[in-house]
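Q: just a sequence and a predicted model for now, questions to come.
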Amino acid sequence: MYSGIERRRQALNPVGRGHATKNGKISPVEVAELRRASDEQLKAKAAPLSRTLEETRRLLQELQLHQIELETQNAELRQARDQADLARQKYNDLYDLAPVGYLTLDSDGAIRDVNLTGASLLGVERSLLLGRRFGLLVAHEARPAFNEFLGKVFTNRTRETCEVELLGKGKRPLFVQIETVSSASGQECRAAIIDISARRRAERDRANLHADLAARAAKLEHANIELEAFNYTVSHDLCGPLTTINGFSEILMGICKDQLDENSRGYLQGIHQGTLRMKKLIASLLDFSRVTRGGLHRKTFDLSAMAKAVAADLRVAHPESRVTFLVGEGLMGNGDAGLCRIVLDNLMGNAWKYSVNRVGTIIEFGMTELGGKPVCFVCDNGPGFDMAHAGKLFVPFQRIPGSDVAGNGIGLATVKRIVKRHGGRVWAESSPGEGATFFFILE
């Protein structure tokens with residue numbers, strides 16, 4: 001070890017640095033040289049102290065400015081630290097209280113971090129989840145699919161999604177949707193887990209409902225087929241005897257016309273007319289049952305031409321009647337043309353029946369607009385009806401009180417069925433003595 005003097009000597013005399021005298025002592029010449037060098041250094045250090053008062057003030061001012069700058073920087077650092085603490089607290093709150101569970105998994109599937117929502121969803125305390133393999137929380141039958149999914153996450157380095165069943169704590173199974181993305185390092189992945197149990201139950205219930213509806217539809221179709229067969233059987237079995245009664249009544253009227261008194265001829269005439277009404281009612285019922293079966297063949301057709309054809313048929317059937325028909329030109333419709341013809345037959349036929357005996361009868365067919373949709377109408381200037389009885393219009397076998405026109409109440413019920421099959425609606429507006437207007441929409 002060198003003494004202090006030796007160290008100073010080595011610092012001031014590079015040439016002799018590291019070389020001591022023979023006995024480890026320093027010679028007087030070297031001591032003098034050291035003293036001289038020390039004095040020069042002291043003078044060099046003391047020289048800056050000999051400054052003027054102005055220079056001292058300037059240095060003091062600079063020191064004060066530096067102190068202010070340091071204090072400002074310290075305040076900014078404290079503010080930045082407080083803001084960082086606040087942001088970290090907000091992040092922790094948002095992370096823990098998020099509506100979905102957040103997990104961090106390593107490449108082995110072990111949980112490195114989890115928020116409170118995720119721990120609550122999994123039904124395990126957060127401290128007990130850390131380090132635990134997530135695959136152990138997956139239902140046994142779903143684990144192979146989950147392991148394959150986790151492998152894709154770290155292999156593809158892309159966003160991956162899967163749905164798995166977990167080992168739920170309750171009676172109901174717990175299904176979750178997992179969305180993951182690998183970190184930049186490729187050693188971890190971030191995962192969001194969303195409880196989709198309610199959606200899965202809704203899907204299962206919907207599938208069961210569809211199956212039940214399909215079974216009911218099949219039963220209903222079978223019932224309709226049986227009903228159709230029954231209708232044809234009944235019509236045949238009923239129409240046969242009616243034809244027989246009608247035929248014999250006509251024969252009796254022809255053979256015994258002169259032998260019968262007025263009452264007897266009236267009875268036979270009543271039998272004859274009754275059989276005709278019965279056959280007409282059977283035909284109406286068959287038509288009513290047919291309009292709800294079979295496919296709906298939609299196409300665009302000329303409503304104006306169809307209405308004119310209905311008017312022409314009514315004139316041929318009743319040439320003695322004088323009715324004015326007003327049909328709008330260029331009116332087009334979209335629907336099943338055959339069924340729509342039945343609608344016009346019934347609506348225009350009803351207007352004819354109720355208005356034909358009035359002077360100056362006018363029946364109009366046209367189209368207007370309601371809520372941006374085209375609405376067809378059949379309007380007459382007949383006797384009209386009280387809207388208090390409008391609820392009976394479209395019900396089978398129901399007729400408005402006070403009407404003296406023959407009918408069975410099936411026609412308007414048939415109209416309603418046809419319009420409903422097209423997804424539309426039909427309604428009427430009227431006042432006693434002011435005619436009636438029937439509207440219908442074909443969706």
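A: Looks like it came in fine. Residues are numbered from 1 along each chain as shown.
Q: tally up the residues packed near the closest residue to residue 334 other than its chain neighbours, please.
A: Excluding its sequence neighbours, the residue lying closest to residue 334 (CB to CB, 6 or more residues apart in numbering) is residue 300, at 5.0 Å. Where C-beta positions appear, they are placed from N, C-alpha and C, glycine not excepted. Each residue near residue 300 was counted by other CB atoms under 10 Å, and the total is 10.
Q: for residue 300, helix, strand, or coil?
A: strand (DSSP: H, G, I helix; E, B strand; the rest coil).
Q: can you check residue 144 too?
A: helix.
Q: distance of it from residue 152?
A: Going from residue 144 to residue 152 by CB to CB, to the nearest Å gives 13 Å.
Q: any idea how far residue 358 lies from residue 321?
A: 11 Å.
Q: ugh, wrong one, residue 123
A: 83 Å.
Q: map the structural domains onto the sequence of the chain.
A: Domain segmentation of the chain under automatic domain parsing yields 4-49, 97-195, 202-290, 298-441.
Q: got CSV for those domains, with distance to residue 85 too?
A: Listed next are those as CSV, based on distance: least, CB to CB, whole Å:
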stretch, distance to residue 85
domain 4-49, 45
domain 97-195, 18
domain 202-290, 44
domain 298-441, 60
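Q: can you redo those as TSV with mean pLDDT and distance to residue 84?
A: As requested, the domains of the chain are arranged in TSV below (pLDDT from 0 to 100; distance: least, CB to CB, whole Å):
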stretch	mean pLDDT	distance to residue 84
domain 4-49	54	43
domain 97-195	87	20
domain 202-290	81	44
domain 298-441	86	59
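Q: out of those, which comes closest to residue 83?
A: Residue 83 sits nearest to domain 97-195 of all those, at 20.9 Å, using CB to CB.
Q: between the two ends of the closest one, how far is it?
A: When the termini of domain 97-195 are compared using CA to CA, to the nearest Å, they are 15 Å apart.
Q: surely the residue nearest to residue 334 and residue 337 touch.
A: No. Residue 300 is not in contact with residue 337 according to CB atoms under 8 Å; the separation is 9.2 Å.
Q: all helices for the protein, in order.
A: 4-12, 28-46, 53-96, 116-122, 126-129, 143-156, 197-255, 262-290, 303-317, 337-355, 411-421 (DSSP state H).
Q: CSV for those helices, including mean neighbour count?
A: Output for the helices of the chain, formatted as CSV (neighbours: other CB atoms under 10 Å):
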stretch, mean neighbour count
helix 4-12, 15
helix 28-46, 12
helix 53-96, 10
helix 116-122, 19
helix 126-129, 14
helix 143-156, 15
helix 197-255, 12
helix 262-290, 15
helix 303-317, 17
helix 337-355, 21
helix 411-421, 21
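Q: for residue 371, which of these is the nearest?
A: Nearest of those (CB to CB): helix 411-421, 16.4 Å.
Q: for the closest one, packing partners?
A: If you count contacts as 3 or more CB pairs under 8 Å, 6 or more residues apart in numbering; DSSP states H and E, helix 411-421 packs onto helix 262-290, helix 337-355, strand 425-430, strand 436-441.
Q: give the contact list for the nearest residue to residue 138 once chain neighbours are set aside.
A: Spatial nearest neighbour of residue 138, excluding adjacent residues (CB to CB, 6+ apart): residue 146 at 4.8 Å. Shown in contact with residue 146 (CB atoms under 8 Å, 6 or more residues apart in numbering): 135, 138, 162, 164.
Q: just the ones of those residues in strands?
A: Residues of these located in strands (DSSP state E): 162, 164.
Q: among the contacts of residue 146, which two are most distant?
A: 135 and 162 (12.3 Å).
Q: contacting residues for residue 154?
A: Here residue 154 is in contact with 107, 182, 186, 189 (CB under 8 Å, 6+ apart).
Q: of the residues you listed, buried ones?
A: Neighbour-count burial (16 or more other CB atoms under 10 Å) applied to the contacts of residue 154 gives 182, 189.
Q: and which of the contacts of residue 154 is nearest residue 272?
A: Residue 272 has its nearest neighbour among the contacts of residue 154 in residue 189, at 91.4 Å by CB to CB.
Q: what about the closest one, distance to residue 104?
A: Taken as CB to CB, the span from residue 189 to residue 104 is 7 Å.
Q: one more: residue 90?
A: Going from residue 90 to residue 104 by CB to CB gives 19 Å.
Q: who's in contact with the nearest residue to residue 143 once chain neighbours are set aside?
A: Excluding the flanking residues, the one nearest residue 143 by CB to CB, 6+ apart is residue 135, at 5.7 Å. By CB under 8 Å, 6+ apart, residue 135 lies in contact with 109, 143, 146, 147, 150.
Q: I'd like these as JSON lines, with distance to residue 410 appended.
A: Below are the contacts of residue 135 laid out as JSON lines (distance: CB to CB, whole Å):
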{"residue": "109", "distance to residue 410": "72"}
{"residue": "143", "distance to residue 410": "66"}
{"residue": "146", "distance to residue 410": "64"}
{"residue": "147", "distance to residue 410": "68"}
{"residue": "150", "distance to residue 410": "69"}
